[in-house]
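A.B. asks: Predicted model follows, preceded by the sequence.
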Amino acid sequence: MRRAFGHEPEAACLDAGSHGAGRPAGACASCRILRLAALRPFVIAGAFCIVVPVAWTRWRARAGVLERLDHADKRAERALDRQRQFAVDAAHELRTPLAGLRLQLEDAQMHPDDTDLRNLLDHALHDLGRVQNIITDLLLLAGLETGAQTTMEEIDLTALVREAVAHRQGVQEVRFHLDPALKIRGVPSHITRLLANLLDNAQRHAARTIWIDLRRKGDSAELTIADDGAGIAPTDRERIFHRFVRLDSARSRDCGGTGLGLAIARDIASAHNGSLHVEDSASGGACFVLRMPLTTNR
């Protein structure tokens, strides 16, 4: 193109400031051709060409950069808002057991002769255990959010579910069906934690029975864990995965948990390219459905 027009690249002519004295913008052959071509294709020496003004392409490139920066800025702002809200929620959850512990210790300090030391220590250890559990869950969530480096490996999901069920102790009956040798790729400790959180939730809310079903569905493993408890209203089926969410008393956290278990379970599923949602159980309770991609060599 430069040889055909007979001078240096168009950029030197398209900017008015680059034309020398006595040579106004558009006076050179290239600028005249561009003006006449009006971005229409033309032929030079048998070659099909399209003239694109360099100033226009520069403007488009700069606009693209600005647009990407704007999107990045909005993403950073949303992430900062989530972090602020998370900090407020975490502070509230940690304040409750710490306030209870402080109240007990202050009462014991004021009335040492009336204090049942064993009872005081039991309650203090319970509150400290709750604080420790919340902090552990917060650290895990932070690691999942930042994409902390972890080692993925092939996992026998069938064996992991069977082992998790075997270690359960509870009054409810557990019925299960497991397809054999369903393999996924993941972080073993994270998948173990995901299963534990779902089983904890089912055990906490089931009245008499828990149903566990693991099957191959196309290229995915589908695990369903259902209970015959109070169920979850359709309007709450996304909220249940939010951090520190309290539902009605039928499925409250008063009987245990940090309020982070289901949020952690969904984040772990997402980090493994899987999904987790809740739907109605045939028994009237809640049914949590986990889908994870199977490994290619299965």
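C.D. replies: Done, it's in.

A.B. asks: quick one: which helix or strand includes the most centrally placed residue in the chain?
C.D. replies: For the chain, residue 267 is the residue whose C-alpha lies nearest the centre (C-alpha atoms, centre = their mean; 4.6 Å). Assessed by DSSP states H and E, residue 267 sits inside helix 261-271.

A.B. asks: Show me what that helix is packed up against.
C.D. replies: If contacts are counted by 3 or more C-beta pairs under 8 Å, 6 or more residues apart in numbering; DSSP states H and E, helix 261-271 sits against helix 117-146, helix 188-205, strand 275-280, strand 286-293. Heads up, the C-betas are built off the backbone N, CA and C, glycines and all.

A.B. asks: For residue 105, which of the ones you listed is the nearest?
C.D. replies: Comparing the helices and strands packed on helix 261-271 against residue 105 with C-beta to C-beta, the closest turns out to be helix 117-146 (7.2 Å).

A.B. asks: tell me which residues in the closest one are buried?
C.D. replies: Of all the residues in helix 117-146, those buried under the rule 16 or more other C-beta atoms under 10 Å are 123, 124, 127, 130, 131, 133, 134, 137, 138, 140, 141, 144.

A.B. asks: Give the rounded mean pLDDT of the helix or strand harbouring residue 87.
C.D. replies: Under the criterion of DSSP H and E, residue 87 resides in helix 54-110. In this model, helix 54-110 has a mean pLDDT of 78.

A.B. asks: next one: stretch 216-233
C.D. replies: Averaging the model's pLDDT scores along stretch 216-233 yields 93.

A.B. asks: Give me the contacts around the helix holding residue 267.
C.D. replies: Contacts to helix 261-271, defined as C-beta atoms under 8 Å, 6 or more residues apart in numbering, come from residues 137, 140-141, 144-145, 147, 190-191, 193-194, 197-198, 200-201, 240-243, 275-276, 290-292.

A.B. asks: could you redo the last one with a cut-off of 6 Å?
C.D. replies: Contacts to helix 261-271, defined as C-beta atoms under 6 Å, 6 or more residues apart in numbering, come from residues 140, 144, 190, 194, 197, 198, 240, 241, 243, 275, 276.

A.B. asks: Residue 244: how many residues sit nearby?
C.D. replies: A count of neighbours around residue 244, defined by other C-beta atoms under 10 Å, yields 17.

A.B. asks: just residue 90 next, same as before
C.D. replies: 18.

A.B. asks: and it, what is it in contact with?
C.D. replies: Remark: with contacts taken as C-beta under 6 Å, 6+ apart, residue 90 is in contact with residue 138.

A.B. asks: neighbours of residue 151, just the number please.
C.D. replies: 8.

A.B. asks: While we're on it, how confident is the model there?
C.D. replies: Reading off the confidence values, residue 151 has pLDDT 82.

A.B. asks: What values do phi and psi take at the residue nearest to it when sequence neighbours are not counted?
C.D. replies: Among residues not flanking residue 151 along the chain, residue 187 sits closest, at 6.8 Å (C-beta to C-beta, 6 or more residues apart in numbering). Dihedral angles phi and psi of residue 187 (degrees, to the nearest 10) take the values phi -90, psi 110.
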